[in-house]
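Whatever this is, show me its structure:
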Amino acid sequence: MVAPILVDEHPLDTLIRADRMPHIWCPGCGIGVVMRCYAHAIQLLGDDVDRHVVVSGIGCSGRVAGYMNLDSYHTTHGRAIPFAIGLKLANPDLHVTVFSGDGDLAAIGGNHLIHAARRNIDLTVICTNNFNYGMTGGQAGPTTPLGARTSTTPYGCPELPFNLANLLSAAGANFVSRWTSLHVRQVRKDILYAFRKPGFSFIEVLVPCPIGFGRSNKLADAIDELELYRERCEIASGVELDQLGIDLHGDRPIYVGRFVDRDAPQYQPIKLEGSA
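Here you go, the predicted structure:
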């Protein structure tokens, strides 16, 4: 018996390029879930799609720019944010979103990240954090938890990772939140909120990388990492920002939620007298 086709097209077919499927992501990877949240948020906003631009860097999440049916820019390693700043300054009416990973944004692109937050430029930055460089062999990155094993730290990472929420808050971002790919409604809601909020918004989403990171850290199946998030995640309420670091194998909670929501003035370029 052949199951009937209930619909002729997917509700997001106008925003996600079905002609580019199947995608390159590994089974269990959480990046596609976050891309769907992004597409759904655009749909809910109800804006003209031509007002949306997505900019990505290098890495697994960098493929998002190619899969979205929007004006898209797949940029050089670590340089997604300066490309995005140029677009926003050239046309302030655009909704410019940077969609990239923890390595691209916080390592080679780290200076661009903190200075864009310092300037409070009106961008939405979505960071899919899988704790490693998944596309190039599973090397340790700036968010790899202390003690985690990767291809470059086979005996455990000896370095403390960035607490991205604390870093972006200190740098000056107007909005900072963290969720996981289990928290689909919250991710979608925060992306939509960031579209409407002036200034720099940073949304970190913890996603499984079962091939590059999981299999070296007793999380070989994506469902194992999701189960860990289901058990350990707590909504941060009254937790100091410097306590938001992530320890995957310890006893402390993995805090999620909205950590920063302020209304500092967004960056406004000064027009020189006589300029157009």
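
Tell me who's in contact with residue 76.
The contact partners of residue 76, taken as C-beta atoms under 8 Å, 6 or more residues apart in numbering, are 57-58. Where C-beta positions appear, they are placed from N, C-alpha and C, glycine not excepted.

repeat that with 10 Å
Under the criterion of C-beta atoms under 10 Å, 6 or more residues apart in numbering, the contact partners of residue 76 comprise 57-58, 82-83, 104, 108-109.

Counting neighbours, which of the residues you listed comes out on top?
residue 104 (31 neighbours; other C-beta atoms under 10 Å).

okay but that one is in contact with residue 79, surely?
Yes: counting by C-beta atoms under 10 Å, residue 79 is a contact partner of residue 104 at 8.8 Å.

before we move on, the earlier item: pipe the contacts of residue 76 into CSV and attach pLDDT, secondary structure and distance to residue 163 per row.
Below are those laid out as CSV (pLDDT from 0 to 100; DSSP: H, G, I helix; E, B strand; the rest coil; distance: C-beta to C-beta, whole Å):
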residue, pLDDT, secondary structure, distance to residue 163
57, 92, coil, 21
58, 92, coil, 24
82, 97, helix, 24
83, 97, helix, 26
104, 95, helix, 18
108, 94, helix, 19
109, 96, coil, 17
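
Can you lay out those as CSV showing distance to residue 96?
CSV is the format used below for the contacts of residue 76 (distance: C-beta to C-beta, whole Å):
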residue, distance to residue 96
57, 14
58, 18
82, 12
83, 9
104, 16
108, 20
109, 15
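
Which one of these is nearest to residue 95?
Residue 95 has its nearest neighbour among the contacts of residue 76 in residue 83, at 15.0 Å by C-beta to C-beta.

Could you find the closest non-adjacent residue to that closest one?
By the measure of C-beta to C-beta, 6 or more residues apart in numbering, the closest residue to residue 83 outside its immediate chain neighbours is residue 75, 4.6 Å from it.

and for residue 104 and residue 79, which residues touch both?
The overlap between the contact sets of residue 104 and residue 79 (C-beta under 10 Å, 6+ apart) consists of 57-58.

Okay, now the unreliable bits of this protein?
The chain contains residues with pLDDT under 70 at 1-8, 271-276.

Since that was my last question, I'll sign off now.
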